[in-house]
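In: A predicted structure for the sequence below; I have some questions about it.
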Amino acid sequence: MKKVAIVDGFSSGKFIAKALYDMNCQLIHISSSADLDSYYYNGFDYDIYTKHIIHEDLERTIQFISEFGAEVIIAGAECGVLLSDKLNAEFKLKYSNDYTKTTARRNKFDMIELLRCNDLNSTRQGKFSQWKNAEKWLKGELYPVVLKPIDSAGSDGVFVCNRYTEARAAFNLISKKINKLNNVNDEVLFQEFLYGTEYVVNFVSLDCKVLVTEVVKYHKKKLDTGNIVYDIDEIVDVSYSEFNELVNYTKKVCQCLGIKNGPSHAEIMLTKNGPRLVEIAARSDGILRPDVSLLTTGVGQSLATAISIVNPELFLSMTEKPCYKLINHSFNVGLINKSKGVFKALDFSRQLERLKSFHRVEFYVHENAVLEETRDVFSQPGTVYLISDSKEQLWEDYRAIRKLESAHVYNKKGS
């Protein structure tokens, strides 16, 4: 029986935890802070853990893990990555990543600079705490430019700015604010806008041996506010023409950033000059669901991570096999609410169930909750998972979902 400590087992990390639990692992949980956004606790299952603490000081947390006798320590969500790295370094555990590069795996500026120093395709950028310095950098750039926090999650605080006034406004909105990882944005990251198609490349690694679990084509939307939100996540396989180029570049990124063990989630822009890293995280992809993976790739990142911990021999044999071919196509459709109202799920859910490719829907707000206009990934009210052997069917059902949104089927004003 493996003993595993999970730091912030939220988001898709809760599916890794459940897979480990189902494989007879004994689990404990560490919340990295008492001040985590309540968003993270949605769907969290305390029952699969034997013990749980909130991290307050390193000595107490080390004692908690020592008494348990953890053989593996992993991060379940982005907010737990730094603490997980620190604890792995303290215990000198094998299933871990290069601790000397822990900051670069979390700090989006340092991440790109490390790639540049290793001659990998990278993005022009600058980081600034004062507008006057940012203004100087902008004079040497063409619009649009991207502004975002140095460290956060999802599309929190990400703005695409087409002119000076938009950049100034975005800087003021980001600077000194507390982000979704509960960190103060002391500096704002400015980057050139990358033209191309954005992809996700998900790996699970064991002793630097890589299993490609998903390659996903992003479809995003820019809101009137300048914020970027998720529209569709479309999974592709080895038959896709850009698959190998994306995978090979991401392997170099992982090597550069010292990702040797566990899940990784990379966002890559495929430009006319080749792939460039947007950012990478040493944790699992937050939108993934094991039941969807079972019907599309057959394994998926959550299950593969659990296998790498519990049955390393089996996992290493999986890395020697050809990359996956899709069993079915799938779209993860992010709901985008365009006006304030009151959330009503029943009619919308009934309409979704009539769609031929409908698999499941997850709502991130409660019935009768006040709905705010979507401004980032954290304010998207839900995700609809569509699965079909026909991509045409997925597009047809996607359009139907957007029509339901336009008709305010889940957003009842004044109810």
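Out: Now that the structure is in, tell me what you want to look at.
In: who's in contact with residue 352?
Out: Residues near residue 352 by C-beta atoms under 8 Å, 6 or more residues apart in numbering: 358, 361, 384, 401, 404. From N, CA and C alone the C-beta is placed, and that goes for glycine too.
In: Show me which of those residues is closest to residue 111.
Out: Nearest to residue 111 among the contacts of residue 352, counting by C-beta to C-beta, is residue 384 at 31.6 Å.
In: so the closest one makes contact with residue 401?
Out: Yes: between residue 384 and residue 401 there is a contact under C-beta atoms under 8 Å: 5.8 Å.
In: who's more crowded, the two?
Out: Higher neighbour count among residue 384 and residue 401: residue 384, with 25 against 22, using other C-beta atoms under 10 Å.
In: Quickly find the element holding the more buried one.
Out: Using DSSP states H and E, residue 384 sits within strand 382-388.
In: Quick one: low-confidence residue ranges for the protein.
Out: Within the chain, the ranges that satisfy pLDDT under 70 run 153-155, 414-415.
In: packing partners for the lengthiest strand in it?
Out: Assignment by DSSP state E gives strand 209-222 as the longest strand of the chain. Here strand 209-222 touches strand 197-206, strand 228-236, helix 243-256, helix 301-310, helix 312-319, going by 3 or more C-beta pairs under 8 Å, 6 or more residues apart in numbering; DSSP states H and E.
In: quick one: residue 165 from residue 130, how far?
Out: Residue 165 sits 18 Å away from residue 130, going by C-beta to C-beta, to the nearest Å.
In: ditto for residue 166
Out: From residue 166 to residue 130 the distance is 18 Å (C-beta to C-beta).
In: more crowded one of these two?
Out: For residue 166 versus residue 130, neighbours defined as other C-beta under 10 Å are more numerous around residue 166 (18 against 11).
In: buried residues in the helix or strand hosting the more buried one?
Out: According to DSSP H and E, residue 166 maps onto helix 164-174. By neighbour count on 16 or more other C-beta atoms under 10 Å, the buried set for helix 164-174 is 166-168, 170-171, 173-174.
In: Would you mind checking which of these is nearest to residue 80?
Out: The closest of the buried residues of helix 164-174 to residue 80 turns out to be residue 174 (C-beta to C-beta; 23.0 Å).
In: Give the full set of residues in contact with the closest one.
Out: Applying C-beta under 8 Å, 6+ apart, we find residue 174 in contact with 147-149, 157, 159, 185, 188.
In: could you redo the last one with a cut-off of 10 Å?
Out: Residues counted as contacts of residue 174 (C-beta atoms under 10 Å, 6 or more residues apart in numbering) are 147-150, 152, 156-159, 185, 187-189.
In: contacting residues for the residue lying closest to residue 116 once chain neighbours are set aside?
Out: Nearest non-adjacent residue to residue 116, counting by C-beta to C-beta, 6 or more residues apart in numbering: residue 122, 4.5 Å away. Neighbour list for residue 122: 111-116, 191, 253, 276-277 [criterion: C-beta under 10 Å, 6+ apart].
In: and those, which are buried?
Out: For the contacts of residue 122, buried by 16+ other C-beta under 10 Å: 111-112, 114-115, 191, 253, 276-277.
In: which two in these are spaced the farthest apart?
Out: Using C-beta to C-beta, the buried ones among the contacts of residue 122 span at most 16.1 Å, a distance reached by 191 and 253.
In: Please give the number of neighbouring residues around the closest residue to residue 68 other than its chain neighbours.
Out: Leaving out its chain neighbours, the residue that sits closest to residue 68 by C-beta to C-beta, 6+ apart is residue 28, at 5.1 Å. Per other C-beta under 10 Å, the neighbour tally for residue 28 reads 22.
In: and if you look at residue 238?
Out: Neighbours around residue 238, by other C-beta under 10 Å: 14.
In: Could you confirm it falls within a helix?
Out: No: using DSSP: H, G, I helix; E, B strand; the rest coil, the secondary structure at residue 238 is coil, not a helix.
In: Make 318 the first number, not 1, from now on.
Out: With 318 as the first residue, the last one maps to residue 555.
In: Need phi/psi at the nearest residue to it once chain neighbours are set aside.
Out: Spatial nearest neighbour of residue 555, chain neighbours left out: residue 640 (4.2 Å); criterion: C-beta to C-beta, 6+ apart. Dihedral angles of residue 640 (phi, psi; degrees, to the nearest 10) stand at phi -60, psi 160.
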